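> Starting from these lines, generate the structure:
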Amino acid sequence: FLEGSFSRYHQASARFMSILSDFTPVLEPMGLDEAYLDLTGFESLYGPPCETALRIKSRIKNELGITASVGIASCKVVAKVASDLSKPDGLLEVAPGRERSFLAPLPITRLPGVGRKTEQLLKRMGTTTIGKLASLPPHFLKHTFGAPGETLYCYANGIDEKGVEPPRPIKSVSRETTFAEDTLDCHFLKATLCYLCQRVGAEFRHQNKRARRVTLKLRYADFETITRSHTLRQASNIDKVIFNVGTQLLENALTRRQQRVRLIGIGVSGL
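Okay, the predicted model is just below:
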């Protein structure tokens, strides 16, 4: 095994984001190596979006020595799918008005928000492509998947009204994970919670902050999602403190409802 070097990853990420910010101030980072850019109004400076994308790819290659894939579209979800399809070093532009037809023949797994469980359920209904998903009645998807069903319907039809949002001052830190199989194994849930607490703790210690509030998130097998919170008497950034509170919230939730868990998450706020 080769050890990771997150300090080097962060350095490369900072240089990557700096290149992107040279082309537009409307930049929304998504992790270390991905971002959304709104190029509206900058055509007079850098040319059409496709030309701008080629300039960006060239600078990333020359200055960082790595390749980049680019998706161009009128909304974020379609741009994301286009970018994924153009990996590892491509560029794909979806013209306005062509979003739905572009997505239609693709497998449902290409759509953001379709995880393993959602994929299995959709396939059992005979829905294997994004086009078939787009043709399902929105009320049916909402009944089946809850609120995320409405988002799936919009995404499948190439609709995403969320704009590019530059980062704001961090008010909370959270981590969550969706299980491959729904579970009621309390030991497994606590072990996963411990891991997530360590990730959360490391993140806001890196920011040199402490937290006053701990929040547990659970999503059950029937897609019902709950959150339970507890306010600490004294702000803390210690993993064990977060874990102890999270464990108590988890035990209380499982006592009230004995239902298999699909997703577990932990977050801190009041930083």
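> For the rest of this, base every contact and every neighbour count on C-alpha atoms.
Fine.
> And the helices in this structure?
For the chain, applying DSSP state H gives helices covering 6-21, 43-46, 49-64, 76-85, 99-103, 116-124, 130-134, 138-145, 147-156, 186-206, 239-256.
> Show me which parts of the last one are buried, residue by residue.
Residues of helix 239-256 classed as buried by neighbour count (16 or more other CA atoms under 10 Å): 239, 241, 242, 243, 245, 246, 247, 249, 250, 253, 254.
> same deal with the fifth one?
Judged by neighbour count using 16+ other CA under 10 Å, the buried positions of helix 99-103 are 99, 100, 102, 103.
> on that earlier part again, nearest to residue 204, of the buried residues of helix 239-256?
For those, the closest approach to residue 204 (CA to CA) belongs to residue 239, at 10.5 Å.
> And that closest one, how far from residue 56?
Using CA to CA, to the nearest Å, residue 239 is found at 40 Å from residue 56.
> thinking again about what came up before, redo the buried residues of helix 99-103 as TSV? Include pLDDT.
Putting the buried residues of helix 99-103 into TSV (pLDDT from 0 to 100) gives the following:
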residue	pLDDT
99	97
100	96
102	98
103	98
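> and these, which two are the farthest apart?
So, these by CA to CA: farthest apart are 99 and 103, at 6.3 Å.
> Overlap in contacts, the two.
78, 157, 158 (CA atoms under 8 Å, 6 or more residues apart in numbering).
> In PyMOL, how would I select just the buried ones from these?
Restricted to buried positions by 16+ other CA under 10 Å, the PyMOL selection for the shared contacts of residue 99 and residue 103 reads:
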select buried, resi 78+157+158
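> Using CSV, lay out the shared contacts of residue 99 and residue 103 together with pLDDT and distance to residue 95.
Below are the shared contacts of residue 99 and residue 103 laid out as CSV (pLDDT from 0 to 100; distance: CA to CA, whole Å):
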residue, pLDDT, distance to residue 95
78, 98, 10
157, 97, 14
158, 96, 12
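> So which of the shared contacts of residue 99 and residue 103 is the closest to residue 206?
Set against residue 206, the nearest of those by CA to CA is residue 78 (33.6 Å).
> mind checking how far the closest one is from residue 259?
Separation of residue 78 from residue 259 (CA to CA): 35 Å.
> what's the answer for residue 237, then?
31 Å.
> which of those two has more neighbours?
Looking at residue 237 and residue 259 with other CA atoms under 10 Å, you find the greater number of neighbours at residue 237, namely 20 against 16.
> Residue 57: what's its closest spatial neighbour, skipping adjacent residues?
residue 68 (6.0 Å; CA to CA, 6 or more residues apart in numbering).
> Thank you kindly, that will do.
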